[in-house]
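Novice: after the sequence you'll find the predicted model.
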Amino acid sequence: MFTTFVLTVIILFVCVVLMSVKILLKKGGRFPNTHIDGNAALRAKGIHCAKTQMKEDSEHKNLCDKMVEVNNNK
């Protein structure tokens with residue numbers, strides 16, 4: 001039982017080290033930005049993450065709201 005646990009910990013440690021080689025050895029290395037807003041091609045097409053789209057939709061005024069706003073300003 002104990003040998004299995006130690007072997008598992010060693011394998012996990014080796015995997016983590018191998019996955020982070022580029023980050024640890026490269027000067028200024030960092031994890032890649034995998035967020036949708038980090039992708040220039042998607043930004044150019046106007047595609048955003050769900051949170052950003054929900055925020056934009058909630059701030060969007062429809063025609064009725066604009067008419068009420070204009071009438072209140074008169």
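Specialist: Nice, thanks for sending it over.
Novice: now residue 29, nearest residue through space, not along the chain?
Specialist: residue 23 (4.3 Å; Cβ to Cβ, 6 or more residues apart in numbering). Backbone N, C-alpha and C define where each C-beta goes, glycine included.
Novice: wait, that neighbour touches residue 32, no?
Specialist: No. Look at residue 23 against residue 32 with Cβ atoms under 8 Å: they stay out of range, at 9.6 Å.
Novice: so for the chain, the centremost residue is which one?
Specialist: Note on the chain: the residue nearest the mean C-alpha position is residue 35, at 2.8 Å, using Cα atoms, centre = their mean.
Novice: for that residue, give me the pLDDT.
Specialist: Per-residue confidence (pLDDT) for residue 35: 80.
Novice: and the end-to-end length of stretch 12-26?
Specialist: 22 Å (Cα to Cα, to the nearest Å).
Novice: ok so, going back, between residue 23 and residue 32, who's got more neighbours?
Specialist: Set residue 23 next to residue 32 and count neighbours by other Cβ atoms under 10 Å: residue 23 wins out with 12 against 8.
Novice: which parts of whichever helix in the chain runs longest are buried?
Specialist: Criterion DSSP state H: the longest helix present in the chain is helix 2-19. For helix 2-19, a neighbour-count test (16 or more other Cβ atoms under 10 Å) marks nothing as buried.
Novice: can you tell me the SS state at residue 23?
Specialist: On the three-state scheme (DSSP: H, G, I helix; E, B strand; the rest coil), residue 23 is labelled helix.
Novice: look up how far residue 16 lies from it.
Specialist: 11 Å (Cβ to Cβ, to the nearest Å).
Novice: how about residue 33?
Specialist: Counting by Cβ to Cβ - residue 33 and residue 16 are separated by 20 Å.
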